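Visitor: Below is the sequence, then the predicted model.
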Amino acid sequence: MHQFLIKKIVELPTVTVPGLGALDLSITNSIAAMLLAATLIMVFYGFASAKAAVIPGRLQTVGELLYGLVDGLTSSIIGHDGKKYLPFVFTLFAFVLFCNLQGMLFGWTGNFLGFTATSQLAVTLTLGMLVILTVIAVGFAKNGLKFFKLFAPSGVPWPLYFLLVPIEIISFLIRPVTLALRLFGNMLGGHVVLKIFATFVSILLAMAPAYWLVGVLSLTSVVALTALEFMVAFLQAFVFAVLTCVYLNDVVHLDSH
């Protein structure tokens, strides 16, 4: 489990913030990995759009496909107003995707380059809180106090509101937790399984030749699991974007709730 340990790579002084207490400003491998992911996104789209053409090249094609995927999500789920929230949703999608892939592509380095920031619950929970706070801000900005209508769906017999309203409030408050746990659990679990199988293969191949056949067969399982983990890395970023659109749609079209 050492691959998930938080380590300081740049020591910085601790400052005291009123109301929050002492904060250690040191840069850890997790922070460095997230900064690297953000940098890679900017570099990738910088190169992808540098020589934009009617007939796109490889980088431009990939960049347009990712952007078009999220654009289609916001339009299909939120509707005409989806364009307003496309930058926010796409930024989340790209950041989660690059953080997920970073650990897969550079994990062999053994340093912050291959650290998977999304395998840390603190990171995924922060992203989940960012989504839900944005939803609340949009809800109040667009609907005012009518935002609370979200917890009292129309067309329900009034006695049921005593049961339904608390359930709706709890389900709303638990949204960032489910967002965080889903992403965190998949990335943590996938990396642990890969490491266990890879270690098992190395042990078998280091033993007597009689075990080599089992080691080779196990190696094929590692290759298959690696391909699956790449797919999971993309799917988790996609699911995060989908659920963000769904939560935004709830407050954007509150009158139909």
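Guide: All right, it came through fine. Every value quoted in this text rests on a predicted model; they were computed, and no experiment measured them. Numbers count the residues shown, from 1 in each chain.

Visitor: would you list every one of the strands in this structure?
Guide: Remark: strands assigned in the chain by DSSP state E are 8-10, 14-17, 21-24, 27-28.

Visitor: Name the stretch among the ones you listed that sits most buried.
Guide: Of all these, strand 27-28 carries the top mean neighbour count, a mean of 16, counting by mean count of other CB atoms under 10 Å. Every residue, glycine included, has its C-beta placed from N, CA and C.

Visitor: Tell me the helices and strands packed up against it.
Guide: Packing partners of strand 27-28 (3 or more CB pairs under 8 Å, 6 or more residues apart in numbering; DSSP states H and E): strand 8-10.

Visitor: quick one on the thing from earlier: quick one, which of the strands of the chain gets closest to Thr116.
Guide: strand 27-28 (13.4 Å; CB to CB).

Visitor: Report the mean confidence score over stretch 23-36.
Guide: Taken as a whole, stretch 23-36 has an average pLDDT of 87.

Visitor: Show me what counts as buried in that stretch.
Guide: Thr28, Asn29, Ser30, Ile31, Ala32, Ala33, Met34, Leu36 (16 or more other CB atoms under 10 Å).

Visitor: Among those residues, name the ones in helices.
Guide: Asn29, Ser30, Ile31, Ala32, Ala33, Met34, Leu36 (DSSP state H).

Visitor: ok, now how distant is Phe240 from Ile31?
Guide: Phe240 is 20 Å from Ile31, where distance means CB to CB, to the nearest Å.

Visitor: any idea of the pLDDT on Val131?
Guide: On the pLDDT scale, Val131 gets 95.

Visitor: Ok, Leu194 next?
Guide: 80.

Visitor: which helix in the chain runs the most residues?
Guide: Max-length helix for the chain by DSSP H is helix 212-252.

Visitor: Show me what that one is packed up against.
Guide: helix 58-77, helix 82-106, helix 121-143, helix 175-205.

Visitor: Please identify the deepest-packed of these.
Guide: helix 82-106 (a mean of 20).

Visitor: what angle sits between it and helix 58-77?
Guide: Angle of helix 82-106 versus helix 58-77, following axes from the mean of the first three to the mean of the last three CA atoms, to 10 degrees, is 130 degrees.

Visitor: Same list, the strands of the chain, but as CSV with distance to Leu164 please.
Guide: Shown next, in CSV, are those (distance: least, CB to CB, whole Å):
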stretch, distance to Leu164
strand 8-10, 48
strand 14-17, 40
strand 21-24, 40
strand 27-28, 44
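
Visitor: Phe200 and Val192: what is the separation?
Guide: 13 Å.

Visitor: so what pLDDT did the residue most central in space within the chain get?
Guide: The chain has Val96 as the residue nearest its centroid, 3.6 Å off, counting by CA atoms, centre = their mean. On pLDDT, Val96 comes in at 95.
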